[in-house]
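Trainee: give me a 3D structure for the following:
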Amino acid sequence: MAELNPMEELIVKAMQELGATKDTAIKTSDDIAKKSNRPKGMVNNTLVSLVQKGVIKRVAREKASGYYIIAGK
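Mentor: Reported below is the predicted structural model:
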């Protein structure tokens, strides 16, 4: 698994607690920001970084994109 900074670890932990661990249980950045108690902009930047590292996957949808942790990470 890629080396994660403390903010990335916090976001992954929040996603695990929300149950965003498969493509049928995706969560929006709003959900993740509320759970992690961090500003949405900071969460969005961290989500982009995690997608680039291959830790999570982004799913584009009509209203808001969703995210989930890639299995085995």
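
Trainee: please make it C-alpha for all contacts and neighbour counts, starting now.
Mentor: Fine.

Trainee: over to Tyr67. Which of the three states is it?
Mentor: strand (DSSP: H, G, I helix; E, B strand; the rest coil).

Trainee: what's near enough to touch it?
Mentor: 20, 26-29, 56-59 (CA atoms under 8 Å, 6 or more residues apart in numbering).

Trainee: likewise for Ser65?
Mentor: Contacts here follow CA under 8 Å, 6+ apart; on that basis Ser65 touches 28-29, 58-59.

Trainee: dump these to JSON lines, plus pLDDT.
Mentor: Shown next, in JSON lines, are those (pLDDT from 0 to 100):
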{"residue": "Thr28", "pLDDT": "96"}
{"residue": "Ser29", "pLDDT": "96"}
{"residue": "Arg58", "pLDDT": "96"}
{"residue": "Val59", "pLDDT": "96"}
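
Trainee: what strand or helix carries the residue of the chain most remote from its centre?
Mentor: Here the chain reaches farthest from its C-alpha mean at Glu62, the gap being 18.2 Å by CA atoms, centre = their mean. Glu62 is part of no helix or strand when elements are defined by DSSP states H and E.

Trainee: and Ile11, by the same measure?
Mentor: Applying DSSP H and E, one finds Ile11 within helix 6-18.

Trainee: pull out the buried positions in that helix.
Mentor: Residues of helix 6-18 classed as buried under the neighbour-count rule (16 or more other CA atoms under 10 Å) are 8, 10-15, 18.

Trainee: same question for stretch 56-66.
Mentor: 56-58, 66.
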